[in-house]
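>>> one predicted model, sequence on top.
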Amino acid sequence: MSDTPYIQLTRLRRRRGRILEAIGAYSSVWLGSDHLLSITSNRFAEDYKRFYFGDIQAMAIVRTGRRRTWNFVLASMAMFGLLLSVIFLPVDPSVSEFFFVGIPIAILVFNNLLGPTCTVYLQTAVQVEELSSLTRLWRAQKFMDRIRPQIIAAQGSLDPEETALRLQTTFSAHRTSVTTSPLNLS
């Protein structure tokens with residue numbers, strides 16, 4: 001048993017991906033003293049990945065259109081349910097409109113209350129990993145606010161002038177290597 005206490009940062013969430021892979025796969029992220037621990041489980045095996053704060057190069061939060069897609073699907077189901085209730089209600093008054101219309105509308109409202117969707121990527125020197133347990137923008141921002149102090153403590157902080165200088169030297173070195181390299185067209 002490890003003597004490092006872990007704090008759970010994200011709840012166990014169903015993993016996205018290919019349909020057959022994602023049916024039983026769950027993931028979560030835990031905070032250790034000097035690293036993040038990503039756990040992916042598919043009921044039969046677990047995959048553990050450690051990301052030390054000193055090794056994290058970038059974290060990207062990318063907004064996605066999943067909420068809009070689900071809104072379209074749920075609104076279509078509600079409209080179809082409304083059409084079915086109009087057709088079958090005169091024939092059988094025991095048919096409940098709530099089942100056909102209310103359930104998709106309730107899920108639609110809940111989906112919108114959760115806010116915009118996103119995908120979070122964590123980059124180190126050797127890999128880019130998707131943290132699939134972070135799917136909503138507000139939750140990803142809360143996660144970033146929680147781990148930012150640990151990353152700054154491990155790596156130090158850059159002031160804006162130093163950041164601009166590093167970007168300038170990186171791009172000028174890249175531009176010089178591109179323009180001075182000879183082309184071999186044979």
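Thanks, I have the structure now.
>>> packing partners of the longest helix anywhere in the chain?
Scanning the chain for the longest helix, with DSSP state H as the assignment, gives helix 66-88. Counting by 3 or more CB pairs under 8 Å, 6 or more residues apart in numbering; DSSP states H and E, the packing neighbours recorded for helix 66-88 are helix 97, helix 103-113. C-beta coordinates here come from the backbone N, C-alpha and C atoms, glycine included.
>>> let's see 7 Å
Judged by 3 or more CB pairs under 7 Å, 6 or more residues apart in numbering; DSSP states H and E, helix 66-88 is in contact with helix 103-113.
>>> helices and strands of this structure: which one has the lowest mean pLDDT?
helix 19-22 (a mean of 51; mean pLDDT, DSSP states H and E).
>>> beyond that helix, next helix or strand please.
strand 26-31 (DSSP states H and E).
>>> average pLDDT for that next one?
For strand 26-31, mean pLDDT is 89.
>>> also stretch 170-183?
For stretch 170-183, the per-residue pLDDT averages 54.
>>> ditto for stretch 116-126
92.
>>> mind listing what's buried in it?
Neighbour-count burial for stretch 116-126 flags 117-120, 122 (criterion: 16 or more other CB atoms under 10 Å).
>>> any chance of those in TSV, with secondary structure too?
Formatted as TSV, the buried residues of stretch 116-126 follow (DSSP: H, G, I helix; E, B strand; the rest coil):
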residue	secondary structure
117	strand
118	strand
119	strand
120	strand
122	strand
